[in-house]
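Asker: can you look at this prediction? I've put the sequence above it.
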Amino acid sequence: MRKCYNSLNSNGKIVIQDWIMNDAKTEPIQGAIFSINMLVGVEGGDCYSENEVRTWLSMQDFQTLRKLKQNQV
């Protein structure tokens, strides 16, 4: 996230497209299945919750965080 933040122009935006999980990391089901695949194929692989992603973004001083609906991008 730091590299993204440092690379942005003034008023720049980043878009994160991934399976964003609920806090229990059990939904959406497609993301839970993908998370298992990541754990099998990549050491430390996982899918992350919206709260985790928001925390990472706020730690890098991103100011405005907006959730887009699926297929809105």
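Answerer: Ah, there it is.

Asker: all helices of the chain, in order?
Answerer: Secondary structure of the chain by DSSP state H: the helices cover 2-7, 29-41, 50-59.

Asker: how close does W56 get to I14?
Answerer: 11 Å (Cβ to Cβ, to the nearest Å). C-beta coordinates here come from the backbone N, C-alpha and C atoms, glycine included.

Asker: these two - which one has more neighbours?
Answerer: The neighbour comparison of W56 against I14 (other Cβ atoms under 10 Å) goes to W56, with 15 against 11.

Asker: can you check the pLDDT for the nearest residue to that one once chain neighbours are set aside?
Answerer: Closest residue in space to W56, ignoring its immediate chain neighbours: M1 at 4.8 Å, by Cβ to Cβ, 6 or more residues apart in numbering. M1 carries a pLDDT score of 87 in this model.

Asker: swap in the one 3 residues further on?
Answerer: Reading off the per-residue confidence, C4 sits at a pLDDT of 88.

Asker: my read: it touches K13, true?
Answerer: No - if you go by Cβ atoms under 8 Å, C4 and K13 don't touch, sitting 10.0 Å apart.

Asker: more neighbours: which of those two?
Answerer: Set side by side, C4 and K13 show more neighbours around C4, with 14 against 9, by other Cβ under 10 Å.

Asker: which residues touch the more buried one?
Answerer: I14, Q60 (Cβ atoms under 8 Å, 6 or more residues apart in numbering).

Asker: any idea how far the residue positioned nearest the centre of the chain lies from K3?
Answerer: By Cα atoms, centre = their mean, the chain has its centre lying nearest to V53, at 4.7 Å. Applying Cβ to Cβ, the value for V53 to K3 is 15 Å.
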